[in-house]
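A.B. asks: Just need the structure, nothing else, for what follows:
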Amino acid sequence: MAPMNNELMTLTLPELTGLIEAWGFPRFRAKQVHEWIHRHHCTSFDAMSNVPAPLRQRLAQEYPFEEFSPVDRQVSIDGTRKYVFKLNDGCLVETVGMPTHRQDGIIERLSVCVSSQVGCPMACAFCATGREGLTRNLQAGEIVQQIATVQKDFEARVSNVVVMGQGEPFLNYDEVLSALRMVNSADDLHIGARHITISTCGIISGIERLSDEPEQFTLAISLHSAVQSTRDELMPKVSQQPLPLLKTALKNYTQKTGRRVSLEYLLIKNVNDSEEQLLALLDLCRGLLCHINLLPMNPVEGAPFQPAAEKTVRHWMRTLEAEGVEISMRKSRGSDIDGACGQLKNRIVSRET
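C.D. replies: Residues are numbered from 1 along each chain as shown. Got it, this is the predicted structure:
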């Protein structure tokens, strides 16, 4: 399997029309090619059955397809599927598809956790990806192809996208936004902006940029502690962007957009689950339009962390609810195939499918 050349994918219809006309073909051919690229996500120019061979040959010459091949596919007992894709330069990237089924077995919701970088530079202590370091940013086409491939594999429409896989999306801002605009477009996957979530460690410049974008993408913050010293230990690469400045940026974001932010909080035993930590979180939430998403601690090879006790989780949920903070507890998906939060990492896999 190969993805469309990123440069070709990111051309608008008017730009593609100008290109094809400059090559001497009728302008209506541009719409046909555009539909094959964005609606059908075709994997070869030969598949463009209503496009004349000379145009297909010119496209192949100018914009050759790039490699995007699945080298591993694992299926969890809960139906989650984790994919490892090999990219044009040999890099590997992981993607997760998470279905929710009706009682009759039909998929009623399909969420895709998509990666934005090969590896990650943030080095968060609880995350396997951060230990691998950053190799490179993903191109917009490589991000879109992850989603399109999962949709084809499940033979079901993707309803939700979360940019929560490998990488820090705001360190690849332009390519991520370009990809999500394609995903959101009625000419492409047509996934509603409010069903697309961007998760960041708290890069303030990215939050400020997103607040000025016209699309209503959802913003999630990997918080994990409202105590500065604890957060610095867990997330050392964002220590230069302290919590007071982060809260100010989030307040400005919510005031400018009218949209709520989601605060992701991984409850870790004897690290960030104390009463002091809870009170600090409550203080951070005051005056902020937000929702707390508590995450289960998933095992990461070599990491010493353990999940907080069930009693602690219940206490946190009761206390936050009593204070009027919206809160939910995310169900872990795909942990048996290392597909859950914090478990994705770049590694060579021996089994190929």
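
A.B. asks: Now for the residue nearest to Leu284 when sequence neighbours are not counted: which residues touch it?
C.D. replies: For Leu284, ignoring the flanking residues on the chain, the nearest one in space by C-beta to C-beta, 6 or more residues apart in numbering is Ala226 at 4.2 Å. All C-beta atoms are positioned from the backbone trio N, CA, C, and that covers glycine. Ala226 makes contact with Leu243, Gln277, Ala280, Leu281, Asp283, Leu284 under the criterion C-beta atoms under 8 Å, 6 or more residues apart in numbering.

A.B. asks: Show only the entries of those found in helices.
C.D. replies: Leu243, Gln277, Ala280, Leu281, Asp283, Leu284 (DSSP state H).

A.B. asks: which of those are buried?
C.D. replies: Buried members of the ones in helices among the contacts of Ala226, counted by 16 or more other C-beta atoms under 10 Å: Leu243, Gln277, Ala280, Leu281, Leu284.

A.B. asks: which residues of the stretch 251-353 of the chain fall in helices?
C.D. replies: 275-285, 310-322 (DSSP state H, counting those that start in this stretch).

A.B. asks: And what about the residue nearest to Leu210 when sequence neighbours are not counted, helix, strand or coil?
C.D. replies: Closest residue in space to Leu210, ignoring its immediate chain neighbours: Leu219 at 6.2 Å, by C-beta to C-beta, 6+ apart. At Leu219 the chain is in strand, as set by DSSP: H, G, I helix; E, B strand; the rest coil.

A.B. asks: Confirm for me that Leu219 is in contact with Thr254.
C.D. replies: No: in this structure, Leu219 is not within contact of Thr254 by C-beta atoms under 8 Å, at 9.0 Å.

A.B. asks: Mind checking which of the two has more residues around it?
C.D. replies: Set side by side, Leu219 and Thr254 show more neighbours around Leu219, with 21 against 18, by other C-beta atoms under 10 Å.

A.B. asks: For that one, give me its contacts.
C.D. replies: Applying C-beta under 8 Å, 6+ apart to Leu219 gives the contacts Thr197, Ile198, Thr200, Ile207, Leu210, Tyr253, Arg259, Val261, Ser262.

A.B. asks: ditto for Gly202
C.D. replies: Here Gly202 is in contact with Ile221, Ser222, Leu223, Met235, Val238, Gln241, Leu246 (C-beta under 8 Å, 6+ apart).

A.B. asks: With secondary structure and pLDDT added, can I get these in JSON lines?
C.D. replies: Shown next, in JSON lines, are these (DSSP: H, G, I helix; E, B strand; the rest coil; pLDDT from 0 to 100):
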{"residue": "Ile221", "secondary structure": "strand", "pLDDT": "98"}
{"residue": "Ser222", "secondary structure": "strand", "pLDDT": "96"}
{"residue": "Leu223", "secondary structure": "coil", "pLDDT": "97"}
{"residue": "Met235", "secondary structure": "coil", "pLDDT": "95"}
{"residue": "Val238", "secondary structure": "helix", "pLDDT": "94"}
{"residue": "Gln241", "secondary structure": "coil", "pLDDT": "91"}
{"residue": "Leu246", "secondary structure": "helix", "pLDDT": "98"}
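
A.B. asks: What backbone torsions are found at the residue nearest the centre of the chain?
C.D. replies: In the chain, the residue lying closest to the centroid (C-alpha atoms, centre = their mean) is Val163, at 1.2 Å. Taking degrees, to the nearest 10, you get phi -90, psi 80 for the backbone angles of Val163.

A.B. asks: That one bridge partners, please.
C.D. replies: Val163 forms beta bridges with Ile198, as assigned by DSSP bridges.

A.B. asks: Do I have it right that it meets Pro169?
C.D. replies: Yes: using C-beta under 8 Å, Val163 is in contact with Pro169, at 4.7 Å.

A.B. asks: got a pLDDT number for Val349?
C.D. replies: As predicted, Val349 sits at a pLDDT of 44.

A.B. asks: cool, Val300 as well?
C.D. replies: On the pLDDT scale, Val300 gets 65.

A.B. asks: swap in Thr43?
C.D. replies: So Thr43 comes in at 81 (pLDDT).
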